[in-house]
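J.: Return atomic coordinates for the entry below.
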Amino acid sequence: MRYLPDHTSELVSQVLMGTPLKVLDFKKGWYRIQTPDNYIGWMDAGGLQCITQSEFEQWKGSNRCLYNCISGYIYNSPNKNGEVVSDLVHNDIFEVEGETKGFLKVVIPDGRKGYVRKKECISIEEWSSRQPEIKSLLSLPYKMMGTPYIWGGASVRAVDCSGFVKIAYFSQGIILSRDASQQARYGEVIDFRNPDNLQPGDLLFFGRDDKHIGHVGIYIGNNDFIHASGRVHISSIDPNDPKYVSTRNNVAARRILNSLNSEGIVMVKDHPWYF
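T.: Numbers count the residues shown, from 1 in each chain. Presented below is the predicted three-dimensional model:
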């Protein structure tokens, strides 16, 4: 997604395979789109598959799976030595037509078909209906350690700080707002000045003050947080810790799991674009 309908324009975000979008405008081969979290930007027409309202309703009721590994492939046969049809990243969603030899036969939005290892997927019903838990929430961020930073990045291949947080929570079926300054508005307010108040999974926000948020990370315990800055890594809010970064001024904290389905924090299972 770009700020303007031009390949040279700023990258503002990314959307993953199987993300439902609303088309707002079309200009010279670019669609102006809205994502499920109400973020708006421009996408090259080649990246979007337009469907009718009836096709959309059919998709919402179809047998779908979410890709549940860091990255992988769709093959043209139920064999890992088959020809690659498409790559996959964590949180991609696709339709399932059948199953054979430990592989799912799948269809991706542009109509291409192929096979994905079943053990690498989770049904959208199981994924969206399970109760979010901190251990599972933190699992994906740890697997992304070392992933490079890119402004506007929102996939496991490269992320910015808020995209990183968004991916982690989406893995638990939770849709957060896109930018750090937006994420800081929602959820339970936590007194961050006393670290004893913090719990793993809390979002820590950094900036000049709470009106000027420029960075976000996920608290993991023992004064440590994991975040995307240069790369995904662990830092500390303790000034006496070697991992402390003096330029990171902690100005706010929010707890998400106590505020599900409140403003800015929507469960996928309750979002009308998915079900």
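J.: who's in contact with the closest residue to Q49 other than its chain neighbours?
T.: Distances taken as Cβ to Cβ, 6 or more residues apart in numbering place P109 nearest to Q49, at 4.2 Å, with adjacent residues excluded. Heads up, the C-betas are built off the backbone N, CA and C, glycines and all. If you count contacts by Cβ atoms under 8 Å, 6 or more residues apart in numbering, P109 has them with M17, G18, Q49, F94.
J.: closest to S259 among those residues?
T.: Nearest to S259 among these: G18, at 26.0 Å, using Cβ to Cβ.
J.: pLDDT wise, what is that closest one at?
T.: Looking at G18, its pLDDT reads 97.
J.: same deal with K80?
T.: 87.
J.: That one should be in a helix, yeah?
T.: No. Going by DSSP: H, G, I helix; E, B strand; the rest coil, the assignment for K80 is coil, not a helix.
J.: Once you drop chain neighbours, what's closest to it?
T.: Using Cβ to Cβ, 6+ apart, the closest residue to K80 is R117 (7.3 Å).
J.: Which among the contacts of P109 count as buried?
T.: Buried by 16 or more other Cβ atoms under 10 Å: M17, G18, F94, out of the contacts of P109.
J.: Need those residues in JSON lines (columns: secondary structure and distance to S155).
T.: Shown next, in JSON lines, are the buried ones among the contacts of P109 (DSSP: H, G, I helix; E, B strand; the rest coil; distance: Cβ to Cβ, whole Å):
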{"residue": "M17", "secondary structure": "coil", "distance to S155": "10"}
{"residue": "G18", "secondary structure": "coil", "distance to S155": "13"}
{"residue": "F94", "secondary structure": "strand", "distance to S155": "15"}
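J.: Among those, pick out the one closest to P36, please.
T.: G18 (11.3 Å).
J.: Contact partners for that closest one?
T.: Here G18 is in contact with R64, D92, I93, F94, I108, P109 (Cβ under 8 Å, 6+ apart).
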